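>>> Kindly generate the corresponding structure for this input.
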Amino acid sequence: MTELLLVRHGETEWNVAEVFRGRIDVDLNQTGVRQAELLADHLKTASIDAVYSSPLQRALKTAQIIAAPHGLEVHSEPGLTDFHYGVWQKLSHQEVKEKYHKLYALWTHHPEQVRVPDGESLEEVHTRAMAVIQKVVATNPGMVVLVSHRVVNKVLICALLGLDNSHFWNVRQDNCGITTFAYQNGHYILTGHNDTSFLGRTGKPPKSDF
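Here you go, the predicted model:
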């Protein structure tokens, strides 16, 4: 059996300001580092066998903090990198709603139909991210942590539950939230979702789904 821990990276200033990040390499802010440290402390007694991460710094740094107590190397996986928001990258949530109101409306109601100009679609995310999952379960029989991004993890959670991307907005994952699946006999079984119980000491309420 393989146990998959899907983790979202810690907070960044662009999360706080609700700016579309995508492939822009935004680092963790002070709260994000603290969240990652609390997550690492939460997992320090777990029998983690491998840690994989998106190559972007906000995920990679989160993964490195998790891996350190276990003496593990973080494996960088391009397939886990963030959704390419194309022309939306570096724009605020409000700017996108105003400048691309028709496409944004489609994104909020039918995300599975959207390809952001100069960006990608959720189906493309599904293809590359599931390739990583399949590789991981084929080579790791134990507990594996995969640190990625909001969009990627939401797409993966839908896929592992057998849902298509039209259910994207039915899933939420907060910064440093953990969603857990057991892979056994060819099936992915959800055993925990968006656990942030260990973050209470940060003293901040959860951010919106952004």
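>>> the longest strand in this protein is where?
Using DSSP state E to define each element, the chain has its longest strand at strand 187-195.
>>> which parts of that strand are buried?
188, 194-195 (16 or more other CB atoms under 10 Å). Using the backbone N, CA and C atoms, a C-beta is placed for each residue, glycine as well.
>>> Need those residues in a markdown table (columns: pLDDT and distance to Y52).
Listed next are the buried residues of strand 187-195 as a markdown table, based on pLDDT from 0 to 100; distance: CB to CB, whole Å:
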| residue | pLDDT | distance to Y52 |
| --- | --- | --- |
| Y188 | 98 | 16 |
| N194 | 96 | 19 |
| D195 | 96 | 19 |
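>>> what does the model give the most centrally placed residue in the chain for pLDDT?
Nearest to the mean C-alpha position of the chain, by CA atoms, centre = their mean, lies H149 at 2.7 Å. H149 is assigned a predicted lDDT (pLDDT) of 98.
>>> got the contact list for the nearest residue to it once chain neighbours are set aside?
Spatial nearest neighbour of H149, excluding adjacent residues (CB to CB, 6 or more residues apart in numbering): D82 at 4.1 Å. Residues near D82 by CB atoms under 8 Å, 6 or more residues apart in numbering: 21-23, 54, 56, 59, 148-149, 151-152.
>>> Which single one of the buried residues of strand 187-195 is nearest to T180?
T180 has its nearest neighbour among the buried residues of strand 187-195 in D195, at 7.7 Å by CB to CB.
>>> beta partners for the closest one?
I178 (DSSP bridges).
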